[in-house]
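1. following is a predicted model, sequence given first.
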Amino acid sequence: MAAIQKITRLQAQWDTQDPFLFCAFHNDRYPKGNGKLGPDASLAGRSIGQDFIQKDGWAMYHGSKVPGFPSHPHVGFETVTICEKGFVDHSDSLGAAGRFGEGDVQWMTAGKGVQHSEMFPLLNEEEENPLLLFQIWLNLPAKSKQVDPYFGMMWDKNIPVVEKTDADGNSIQVKLIAGSYDGQTALDPAPDSWAANPKNDIQIWLISIDANASFTVPKGAEGSNRSLYFYEGEQLEAEGFEIPPMHHIRATATEELTLKNGSTQAQLLLLQGKPIGEPVVKHGPFVGNSRKDIEDAFKRFQDDAFGGWPWPSNEHTHDPEKKRFAKYPDGKVENL
């Protein structure tokens, strides 16, 4: 049986399948920094406050001086933020904060409500500051939508990477953000996550396939949804299809899928998991199972702002000299 169900072109915000809500893809070629964490370039003519509108290969998003997303609320789902290039300055209403990047992953459960900001500091003042970032929205089942918020970090040095070779000796790497592959298992996800139960078959992989290499995606669990996002490379061949970059491959999880790469390295994101199978009602950053859930979330936010905002600015950034670090809600600090 053929594994490929559908191939579609990717936009900036990627369609996903249950239990995922969507994936935001940020691929910005920021210029060198101006010494204040912003771009050393004019902001004239830019669409500040408009997501994903790039000019000269980069966007400010909602940041007025530093690119990024000032404080905003979330309810009822999780964000898995994979920063492969560049950096993110995180601050939230729990008092947690951090600077992460260059392969690090942040896993945050919004649960009953949290505010956070995500700014993209341009630390390099001598060269360009490329950013390559995925933010995956993973839904929570109804039983977990009112859990306490959670902030967790997965540092790049601790994330398992499986290295393989094909029959011709070409190299493949699979970076395990969630799930397991070839006898290795990812770090633990957030405790209340749909991913915390291995039976739910949540797989989040970054796959690198060398030029001319072949890679077979193994069979997944019965009932799982599988999506592959080919975001960088020249061309893949699979089941008679020639697939250009920036395309989404929706595939049957219970069938193997062999990908034959072209003449340059290919990069893919795999999202897979068993569906939650519950009604989904979304209003901006709030996700519930009913319209009443959304109304209740708005009321809670109006009442207490999910604990308030403890930082001096809605676009809070950290000291330019600060290295990668995490400060947790309990006061614990990790410095890299």
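-> The structure has been received and is ready for your questions. The structure displayed is predicted, hence computed values, not measured ones. Numbers count the residues shown, from 1 in each chain.
2. rest of the way, CA atoms for contacts and neighbours
-> OK.
3. in the chain, which residue is most central in space?
-> Centroid check for the chain by CA atoms, centre = their mean gives Gln135 as the closest residue, at 2.5 Å.
4. tell me the secondary structure at that residue.
-> Assigned with DSSP: H, G, I helix; E, B strand; the rest coil, Gln135 falls in the strand class.
5. the nearest residue to it once chain neighbours are set aside and Trp137: what is the separation?
-> Closest residue to Gln135 apart from its sequence neighbours, by CA to CA, 6 or more residues apart in numbering: Thr81 at 4.4 Å. To Trp137, Thr81 is 9 Å away according to CA to CA, to the nearest Å.
6. next one: Ser180
-> 20 Å.
7. with Gly223 instead?
-> Gly223 is 20 Å from Trp137, by CA to CA.
8. now the helices for this structure?
-> 291-304 (DSSP state H).
9. what ranges of it fall below the confidence cut-off?
-> For the chain, the stretches with pLDDT under 70 are 51.
10. can you count the residues close to Glu334?
-> 12 (other CA atoms under 10 Å).
11. wouldn't it be in contact with Lys327 here?
-> Yes: because the distance of 6.5 Å satisfies CA atoms under 8 Å, Glu334 is recorded as touching Lys327.
12. just the strands in the stretch 201-336 of the chain please.
-> If DSSP state E, counting those that start in this stretch is used as the criterion, the strands of the stretch 201-336 of the chain fall at 203-209, 214-217, 225-232, 236-238, 241-243, 247-252, 257-261, 266-273, 281-283, 286-288, 325-327, 333-335.
13. is it possible to get JSON lines of these that adds distance to Trp155?
-> Output for the strands of the stretch 201-336 of the chain, formatted as JSON lines (distance: least, CA to CA, whole Å):
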{"stretch": "strand 203-209", "distance to Trp155": "15"}
{"stretch": "strand 214-217", "distance to Trp155": "25"}
{"stretch": "strand 225-232", "distance to Trp155": "23"}
{"stretch": "strand 236-238", "distance to Trp155": "30"}
{"stretch": "strand 241-243", "distance to Trp155": "32"}
{"stretch": "strand 247-252", "distance to Trp155": "27"}
{"stretch": "strand 257-261", "distance to Trp155": "29"}
{"stretch": "strand 266-273", "distance to Trp155": "18"}
{"stretch": "strand 281-283", "distance to Trp155": "31"}
{"stretch": "strand 286-288", "distance to Trp155": "28"}
{"stretch": "strand 325-327", "distance to Trp155": "10"}
{"stretch": "strand 333-335", "distance to Trp155": "10"}
